[in-house]
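Novice: Predicted model and sequence below, questions to follow.
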Amino acid sequence: MSITLRNISKSYGPAKALNDISFNVEQGELFGLIGPDGAGKTTLFRILTTLLIQEEGEATVAGYDVITDYKAIRNHVGYMPGKFSLYQDLTVEENLNFFATIFDTTIDENYDLIKDIYVQIEPFKNRKAGKLSGGMKQKLALSCALIHKPKVLFLDEPTTGVDPVSRKEFWEMLKRLQQKNITILVSTPYMDEAELCDRIALITDGQILEINTPHSIIDAFPKKIYNVRASETYRLIQDLESYPNTHSAYPFGEYVHFTSRHSNFSPEDLMTFLKGKQHTGIEIFETIPTIEDTFMELSNTNTLATNA
Amino acid sequence: MHKDHAIHVENLTKMFGDFTAVNNISFQVDKGEVFGFLGANGAGKTTAIKMLIGISRPTSGKANVAGYDVKSETEMVKKSIGYMSQKFSLYNDLTIKENITFFGGIYGLKKSVIKEKTQRLIDELGLNDVADKPVSSLPLGWKQKVAFSVSLLHDPKIIFLDEPTGGVDPITRRQFWNMIYREAHKGKTIFVTTHYMDEAEYCDRVSIMVEGKIEALDTPKNLKAQYKVDSMNKVFLKLARNIE
């Protein structure tokens, strides 16, 4: 196991940031922590990177205990915090050199590992880090986190606020890193990125809702889910909320995802209801749930199961 | 300007030195429309918004917002619009009530109006229990809902929302969009940027900016048909960097 967590809890005053979290990440796995702002993702990262001490439970990273072996862990992990934390006044190259030096290595020694990413910012190597665009900062931060060839890479919300194109490129980089046998723990509030991970943990309010492969999580969705559309979206949502059979009705792009309270639900019944409300252009058809559907279903029904 | 246009932009350009951040863009937004303003990071969206809300002077071109010229009637533009940024802009150390009162004062509302609006807003948001707690104690999604409501205090005609839902949980994100729809339904014009492509589908029309220019502008339905794809995400990927 590359990362193990057993019954980890942490509070800040009365606020419970993490509540009895347990899971393992295997060597070479790309594992995603999926949850909104305030779910406890950053606290978890800080405990695993030895920057914060848990109140309860035990955790190991690359075989080392996060409390007793914290020095060893620091030599074997790369950490890219959510907030850009490189030296803004140093140039791109100076930052990278700095991180290589404090880990007692050189850019040349591990250039192979970062080459893919670094070549994209190398033309700007004399520019100060503070003057880089968001996408370039992100690539530099990743290069710095990798320069000492870590066994485990921690990436805290690397794609927040990043546009869809740059996000796609970033995930392609992660996939290539994974092939070099680096374990990656990555957090994101974008549910669509969950499907790019080997396994994911859905996390909210300091608790794990579910851990599994994205596929298994989608397959386990407990209800049939329907795409519903009508000409007036706002009125449609309101009317769906007043429809007696509605279990959930959430806008999803051009459709509203609808689930019924009843397993013997018939779409014709909903069609009749909506026609009665003078809707036009009505479409109702079954669709495949997404991770986001599961997340909302789980956070709503509050099946905050004791963690697996 | 056409009287039904909330925003009317003609050949708007902004240069920083010899770099053209916004390159000769033209478009109109109708009254009551939910208009999605999309683009990759660095495409020029924020620069364009800054010109529309009167805090950055265009290098050339014209923009008329809520009937006022952004160059010559800047103060009237500011009075007619609401603005909410991705970066949380309320005072964390003040309570929800204090924040609303403070911003009401900034907008020049009468004391009696502020009092009445503050209570109504807190009721609408269901925040009575936490109204006297510092804003910092709220989850991000709730903060953003309060910030949105504050941007509506002075009853603006147009509301600019710059990535209002980044990092917000999926349920609150949808509640937020419900608030957006509700305001549009009341006749307010919404100008919104987002990196969530499912949210792009909630807009009446969407523009996509690439390197300072508007490369596409249409309803989500027409854009998908035009680029022969089934989601706005794919439209975006095709346009913004020609990935295929």
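Specialist: Perfect, thanks for sending it. Numbering: from 1, shown residues only, chains lettered A, B, ... in the order given.

Novice: C-alpha only now, for contacts and for neighbours.
Specialist: Noted.

Novice: and residue A:229, how many residues sit next to it?
Specialist: The tally of other residues near residue A:229 (other Cα atoms under 10 Å in any protein chain shown) stands at 21.

Novice: Report the beta-bridge partners for it.
Specialist: residue A:283 (DSSP bridges).

Novice: Model confidence score at residue A:253, please.
Specialist: pLDDT, residue A:253: 85.

Novice: residues touching it, list them.
Specialist: B:197, B:198, B:199, B:200, B:201, B:202 (Cα atoms under 8 Å, 6 or more residues apart in numbering or on different chains).

Novice: can I assume the second one is in contact with residue A:252?
Specialist: Yes - counting by Cα atoms under 8 Å, a contact exists between residue B:198 and residue A:252, whose distance comes to 6.2 Å.

Novice: Residue numbers of the stretch 101-250 of chain A in contact with chain B?
Specialist: Residues of the stretch 101-250 of chain A lying near chain B by Cα under 8 Å from any Cα of the partner chain: A:133-135, A:160-166, A:189-190, A:234, A:250.

Novice: any idea what residue B:62 is structurally, helix, strand or coil?
Specialist: Following DSSP: H, G, I helix; E, B strand; the rest coil, residue B:62 is assigned to strand.

Novice: For the residue nearest to residue B:62 when sequence neighbours are not counted, grab the count of nearby residues.
Specialist: The shortest distance from residue B:62 to any non-neighbouring residue, by Cα to Cα, 6 or more residues apart in numbering or on different chains, is to residue B:10 (5.1 Å). Neighbours of residue B:10 under the rule other Cα under 10 Å: 15.

Novice: Where does residue B:160 fall, secondary structure wise?
Specialist: Assigned by DSSP states H and E, residue B:160 belongs to strand B:158-162.

Novice: so how far is residue A:271 from residue A:132?
Specialist: Residue A:132 is 53 Å from residue A:271, where distance means Cα to Cα, to the nearest Å.

Novice: and what of residue A:36?
Specialist: As judged by Cα to Cα, residue A:36 and residue A:271 stand 34 Å apart.

Novice: Neighbour count: these two, which is higher?
Specialist: Counting neighbours by other Cα under 10 Å for residue A:36 and for residue A:271 shows that residue A:36 has the greater number, 27 against 16.

Novice: hang on, isn't that one packed against residue B:167?
Specialist: Yes - contact criterion Cα under 8 Å: residue A:36 and residue B:167 qualify, at 5.8 Å.

Novice: Mutual contacts of these two, please.
Specialist: residue A:189.

Novice: Count the residues that sit near the residue nearest to residue B:67 when sequence neighbours are not counted.
Specialist: Leaving aside its sequence neighbours, residue B:67 sits nearest to residue B:6 (Cα to Cα, 6+ apart; 7.0 Å). Neighbours of residue B:6 under the rule other Cα under 10 Å: 23.

Novice: same question, the one 10 residues further on
Specialist: Using other Cα under 10 Å, residue B:16 has 9 neighbouring residues.

Novice: Quick check: the gap between it and residue B:58.
Specialist: To residue B:58, residue B:16 is 10 Å away according to Cα to Cα.

Novice: circling back: okay if I get the residues of the stretch 101-250 of chain A next to chain B as TSV plus pLDDT, secondary structure and neighbour count?
Specialist: Formatted as TSV, these follow (pLDDT from 0 to 100; DSSP: H, G, I helix; E, B strand; the rest coil; neighbours: other Cα atoms under 10 Å in any protein chain shown):
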residue	pLDDT	secondary structure	neighbour count
A:133	79	coil	11
A:134	77	helix	16
A:135	79	helix	19
A:160	83	coil	16
A:161	78	coil	20
A:162	82	coil	19
A:163	83	coil	22
A:164	85	helix	21
A:165	84	helix	22
A:166	83	helix	19
A:189	86	coil	23
A:190	88	coil	24
A:234	87	helix	18
A:250	93	strand	21
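
Novice: Taking the residues you listed together, which two end up most distant?
Specialist: Greatest spacing in those, by Cα to Cα: A:133 and A:234 (37.2 Å).
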